[in-house]
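Participant: Sequence first, predicted model second:
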Amino acid sequence: MRMKNCKESVLCVTLCLLSVFQVTSSATVESILVADLVNGAIYEVNSTSGSTETLPFGLLANPVALDYDVTSGYLYWTDSEDEKIQRAFLNGTGMEAIVTTNAITPDGLALDIPGGNVYWTDADRNAISVAKMDGQHFANVVTLQLDQPRAIVLDPANGYMYWTDWGAQPKIERAAMDGTGRTTLIDSGLTWPNGLAIDTTNHRMYWCDASTYKMESSDLNGYDRQLFIYQPGTRFFGLSVEDTYVYWTAWTIPNIVRSSKSDAVSQLIGSGFGRAGGICLLKSDNDQQVSNACTDQNGGCHHLCLARPGGRTCACQNAWKLQDDGVTCQPIVIVSPSIVWTHRDEVTGINTVQMLPGNITTVRNAVGSTFTVKNLFSANPPAYFTALDFDVGNQQMFWADAGLKAIHKVDFLNGVSASTVLKGTSPGIQGLAFDWLNQNVYYTDAYYNWIGLVNLNTSHRHVIIQTGLDRPQGIAVHPSRGQVFWSDRGQQPKIERATLSGQDRTVVISDNIQEPHGMVIDYVTNRLYWADSVLDIIGSYDLDDGTQSVYRYSPGTSFYDIAFDGAGIIATEQSENKLH
């Protein structure tokens, strides 16, 4: 079974935290839920007898982290192989995927029951994200300076979240549940910290490390660090804590282990697990659910209510904007006509899709004037926007993300909803073009040297050309003529044409071309335009008679990408943050 981003097959696991409830001495653990990454199952294990029952969820690809909502009866889990978060009742009914398009490698998971939210870590996106428990209103809460985040636990009563990071500088961090007030608690003596748990009764934090073979604890500020268990060769995985015991799993042990908090004396529970992962405790007691500022009426927030120490923060789903009242969310409005482009900050690496609203003719006729540029949405590294296209008829924007290896879209017509069109691309996507008649998104891939497409209706993906390409760049489609055009900046720079299925391939431009990039078609006059960053020209090609000409020559501009607004060409520079 394939695991992504795991070191030496040490699996990516986390825990279930039930500390949203006050822990009392009367708490009794009746059973333990455990994910088995090899057997593709979730089991319920009787804590007294050790008898094991397979929950009726069918074969799961790679269940990792678990958490249980005692108020609704839903069990939630991440699946890093199927790239989604699911939930179901313990009897197998109500099973559904609540997060699909916004997860690549979901690892850790924790429920904010008082606020009605689910939090998770994503090791490929290097993000900590949140959504409502039904998957609505997805948003990122932490995206900067993360490097393979793993386990996550919450303290909703006090508005804090804690997480581990397995990256180049392993650490355990804490922040408010809205992502503010971030601080590093532990950053020494760690290698692969994965399991994490909070003991709210004694105000301590437990964690385990699959490489140092240690389980340790500290106070909630990272001080008073104490060794709890040192067991050489034990690949610790998941953790969960209650009043008297610490429950844990390890890759090297086919059982659940229960260790006394007072003296670390341990006993085995259950047996036969192929690779026990995340665990969750089911208790029968009279614990009273805690509340926070988000418990009553979602804290008055329109989308997301995120708890923080002493209060709450209202937040909006991705591609929506929080209004001045600090409560209401409104979708981003695309003004037509407008110019839209991607921008990457060279210092922070933040990628932004920006818009200059209004008719470009107004801009052309107002030399020396100042215009307001509107930021539509942004993403932090490792995201890296490389291409963009817009479907005017359906108000859909598409963009390629080389960092996250995906093609995404935002639907501005139906409430601004974001989704992923294609996952698992290479980091080499250079151009996008939307075929509005057949609902296909075409793309060039300079890493694999191919041209592919994905259909919006069926999600079917297909490589239409994969021979004779050498760093393909820009791409443009003419759906009514059934043609696709692309530029190639390899050893023999050229522009080629084929049918929309990749047949009848023909070179149309091979002279007066050195480094072609962006392309666009004027569908009224049937002319193809392209930008050449070495020759500093925008070239033109008549699709009817095949004549070639120079539309514009501007020394030193390094034209990169171009667009056509019906009156003229708008171009970006490769070396300068300028529009022409």
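Facilitator: Structure received. Only a predicted model underlies this, so the values are computations on that prediction, with no experimental measurement involved. Numbering: from 1, shown residues only.

Participant: Okay, now the unreliable bits of the stretch 251-400 of the chain?
Facilitator: Scanning the stretch 251-400 of the chain for pLDDT under 70 picks out the ranges 284-288, 334-337, 358-370.

Participant: same thing but at 80, please
Facilitator: 284-289, 319, 331-338, 357-372 (pLDDT under 80).

Participant: mind listing the helices for it?
Facilitator: When secondary structure is read from DSSP state H, counting those that start in this stretch, the stretch 251-400 of the chain shows helices at 360-364.

Participant: Quick one: the strands in it, in order.
Facilitator: The residue ranges that make up the strands of the stretch 251-400 of the chain, judged by DSSP state E, counting those that start in this stretch, are 253-260, 266-269, 276-283, 304-308, 311-315, 320-322, 329-331, 338-344, 351-357, 374-379, 385-391, 396-401.

Participant: Looking at these, which is nearest to Gly518?
Facilitator: strand 385-391 (9.0 Å; C-beta to C-beta). Quick note: C-beta positions are derived from backbone N, CA and C, even for glycine.

Participant: quick one, which of the strands of the stretch 251-400 of the chain is nearest to Leu437?
Facilitator: When these are compared by C-beta to C-beta, strand 385-391 sits nearest Leu437, at 11.1 Å.

Participant: chain center to the closest one, what's the gap?
Facilitator: Taking C-alpha atoms, centre = their mean, to the nearest Å, one finds the center of strand 385-391 at 18 Å from the center of the full chain.

Participant: That one pairs with which strands?
Facilitator: Strand partners for strand 385-391, identified by DSSP bridges, are recorded as strand 396-401 (antiparallel).

Participant: okay, and the helix or strand of the protein with the least pLDDT?
Facilitator: Between all helices and strands in the chain, the lowest mean by mean pLDDT, DSSP states H and E belongs to helix 360-364, at a mean of 64.

Participant: quick one on the thing from earlier: wait, which of the strands of the stretch 251-400 of the chain is closest to Thr180?
Facilitator: Per C-beta to C-beta, nearest to Thr180 of these: strand 304-308, 6.5 Å.

Participant: Is Trp248 bridged to anything, and to what?
Facilitator: Taking DSSP bridges, one obtains Leu239, Val257 as the residues bridged to Trp248.

Participant: Check Val353 too.
Facilitator: Beta bridges link Val353 to Thr342, Phe377 when assigned by DSSP bridges.

Participant: ok so, going back, nearest to Leu422, out of the strands of the stretch 251-400 of the chain?
Facilitator: Comparing the strands of the stretch 251-400 of the chain against Leu422 with C-beta to C-beta, the closest turns out to be strand 396-401 (9.0 Å).

Participant: Now do that closest one and strand 338-344, the angle between them.
Facilitator: With axes from the mean of the first three to the mean of the last three C-alpha atoms, to 10 degrees defining the directions, strand 396-401 sits at 20 degrees from strand 338-344.

Participant: Just the CA trace of strand 396-401, in CSV.
Facilitator: Coordinates of each C-alpha in strand 396-401 appear next as CSV, following Å, rounded to 0.1, in the frame of the first residue of the first chain:
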residue,chain,number,x,y,z
GLN,A,396,-15.3,30.3,-14.1
MET,A,397,-11.6,31.0,-13.5
PHE,A,398,-9.0,28.2,-13.9
TRP,A,399,-5.4,28.3,-12.7
ALA,A,400,-2.5,25.9,-12.6
ASP,A,401,-0.5,25.4,-9.4
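
Participant: Could I get the buried residue list for it?
Facilitator: Gln396, Met397, Phe398, Trp399, Ala400, Asp401 (16 or more other C-beta atoms under 10 Å).

Participant: Give me the distance from it to the chain's centre.
Facilitator: Relative to the chain's own centre, strand 396-401 is displaced by 14 Å; criterion: C-alpha atoms, centre = their mean.

Participant: So, low pLDDT: which residues of this structure?
Facilitator: In the predicted model, the chain carries pLDDT under 80 at residues 1-28, 101-104, 284-289, 319, 331-338, 357-372, 412-418, 566-567, 574-580.

Participant: switch to 50 and redo it
Facilitator: 1-26, 286-287 (pLDDT under 50).
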